[in-house]
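S.K.: A structural model of the following input is requested.
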Amino acid sequence: MNILVGISHPKHVYMFKNFINEMGNRGHQIKIVLIKKDNNNELLDDFNLHYIQIGENKPTFLKKLLSLLKLELNTYNVVRDFKPDVFIGQALPSLAHISFLVRKPYFIFEDTEHATQVHYLTFPFTKYIVTQKGYWDDLGKKQIHYNGYFELNYLHPNHFQPDPSILEKLGLAEDETYSILRFVSWEALHDQSNKGFSLPMKRKIVRELEKYGKVFISSEKELPEDLRKYQIQLPASDMHYLMNYATLFMGESSTMASECAVLGTPAIFIDFCGRGYTNHQEAEYGLVFNFKNDVESQEKALEKAIELISDNDLKNKWETKRERMLKEMDDGTQFMVKLIEDRIGAIK
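M.R.: Model (predicted):
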């Protein structure tokens, strides 16, 4: 079958790369269309995945709407020549509309409950919406439930093996304590009008966690001069290796919090409304701690971070929790392959 995959975020590269390779190995034809955002094009290059760029991400809702017609036209031109049997992606309006136009099924893999503006533009036009464990909303007959987290598509032990050479690259000793902080731009459509850690709070977090070990920062926004020395200097494709060996993660990214959870690294996530999957990871396995982003909650989050990083047996405790989670969750790539081959194979 011919499969069109849409990529509009770095996370999507990881979510779908193993699926793309496996389906290609099974004799299916794959075409990737890319909406460039951050380093998603570089990641595709790193993984030797060929793509057609159809546009670039825009920072505001109005600009996204104004660029939609061009994205749809570029998508249609690819579809006209490739003739896909199925569309795969997260909630991309251009794919949703063109798949509806050509009467082919679109499988949306959705993880963000409050991205309602995008949902309005995509859900009515799609045939299937795949959601992971903990997803809050009932989406009716279109919804397909996946017994796992989308981060298991690429961080399940079937697909990911730790690489200890990452420690040497950064001058870290084996079992050395270090923490990773993640600060986002808050420019995503579902994040606009909200904010995370203030600059004084960022400095306070660094100051407190640095008492226990090295601190590394990943930031979408430019850091002030005094924090730049903490910025991670690594290729994006090495980031998961660093997260795997970290003692603690604390930040504003639900994806990185969940990635740490499935790797067995304690994670603290702060956000104005949270995510169903990180809530599930806390309630079911105790792998993540979720906090709101008001000042009082941020202080409590820092207190929890200090409590965790002070525990000398922390990583062993989290590895036990992770092992239980892995026994109960499914490999996301295997799930996707079976889902698409069963559903589309039955149609063809």
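
S.K.: can you pull the contacts of the residue nearest to residue 29 when sequence neighbours are not counted?
M.R.: Among residues not flanking residue 29 along the chain, residue 2 sits closest, at 4.7 Å (Cβ to Cβ, 6 or more residues apart in numbering). For every residue, glycine as well, the C-beta is placed using N, CA and C. By Cβ atoms under 8 Å, 6 or more residues apart in numbering, the contact set of residue 2 is 28, 29, 31, 82, 83, 84, 85, 86.

S.K.: now stretch 177-188: average pLDDT?
M.R.: Averaging pLDDT along stretch 177-188 gives 84.

S.K.: and it, C-alpha only, in CSV?
M.R.: What follows is stretch 177-188, C-alpha atoms only, in CSV (Å, rounded to 0.1, in the frame of the first residue of the first chain):
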residue,chain,number,x,y,z
THR,A,177,24.3,12.8,39.5
TYR,A,178,23.0,15.4,37.0
SER,A,179,19.7,17.0,36.1
ILE,A,180,18.1,18.2,32.9
LEU,A,181,15.9,21.3,32.7
ARG,A,182,13.6,22.0,29.7
PHE,A,183,12.1,25.5,29.0
VAL,A,184,9.7,25.9,26.1
SER,A,185,8.8,28.9,24.1
TRP,A,186,5.0,28.8,24.8
GLU,A,187,4.4,29.6,21.2
ALA,A,188,2.5,26.4,20.3
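
S.K.: how far out from the middle of the chain is that stretch?
M.R.: 13 Å (Cα atoms, centre = their mean, to the nearest Å).

S.K.: can you give the contact residues for that stretch?
M.R.: Outside stretch 177-188, the residues that reach it (Cβ under 8 Å, 6+ apart) are 59, 172, 191-192, 194-197, 202, 205-206, 209, 212-221, 223, 230, 232, 242-243, 245-253, 256, 260, 305, 309.

S.K.: and for residue 175, the neighbour number?
M.R.: 9 (other Cβ atoms under 10 Å).

S.K.: surely residue 212 is in contact with residue 311?
M.R.: No: contact criterion Cβ atoms under 8 Å: residue 212 and residue 311 do not qualify, at 10.4 Å.

S.K.: who's more crowded, these two?
M.R.: When residue 212 and residue 311 are compared for neighbours, residue 212 comes out ahead with 17 against 14, by other Cβ under 10 Å.

S.K.: so what's that one closest to, chain neighbours aside?
M.R.: For residue 212, the spatially nearest residue (Cβ to Cβ, 6+ apart) is residue 309, at 4.7 Å.

S.K.: Three-state assignment for the closest residue to residue 273 other than its chain neighbours, please.
M.R.: Spatial nearest neighbour of residue 273, excluding adjacent residues (Cβ to Cβ, 6+ apart): residue 114 at 5.5 Å. Three-state call for residue 114 (DSSP: H, G, I helix; E, B strand; the rest coil): coil.

S.K.: for residue 114, what are phi and psi?
M.R.: Main-chain torsions, residue 114, degrees, to the nearest 10: phi -90, psi 10.

S.K.: that one contacts residue 276, correct?
M.R.: No: assessed by Cβ under 8 Å, residue 114 is found out of contact with residue 276, at 10.0 Å.

S.K.: who has more neighbours, the two?
M.R.: Each of residue 114 and residue 276 has its neighbours counted (other Cβ under 10 Å); residue 276 has more, 19 against 16.

S.K.: coming back round to it: tell me which of the contacts of residue 2 fall in strands.
M.R.: If you go by DSSP state E, these have 29, 31, 86 in strands.

S.K.: return the member of the residues you listed nearest to residue 120.
M.R.: Distance to residue 120 across the ones in strands among the contacts of residue 2 (Cβ to Cβ) is lowest for residue 86, with 22.9 Å.

S.K.: then residue 35 would be within a helix, right?
M.R.: No: looking at residue 35 with three-state DSSP, it is strand, so not inside a helix.

S.K.: so it sits right up against residue 92, yeah?
M.R.: Yes: using Cβ under 8 Å, residue 35 is in contact with residue 92, at 7.2 Å.

S.K.: common neighbours of these two, please.
M.R.: Common neighbours of residue 35 and residue 92 are listed as 6, 8 (criterion: Cβ under 8 Å, 6+ apart).
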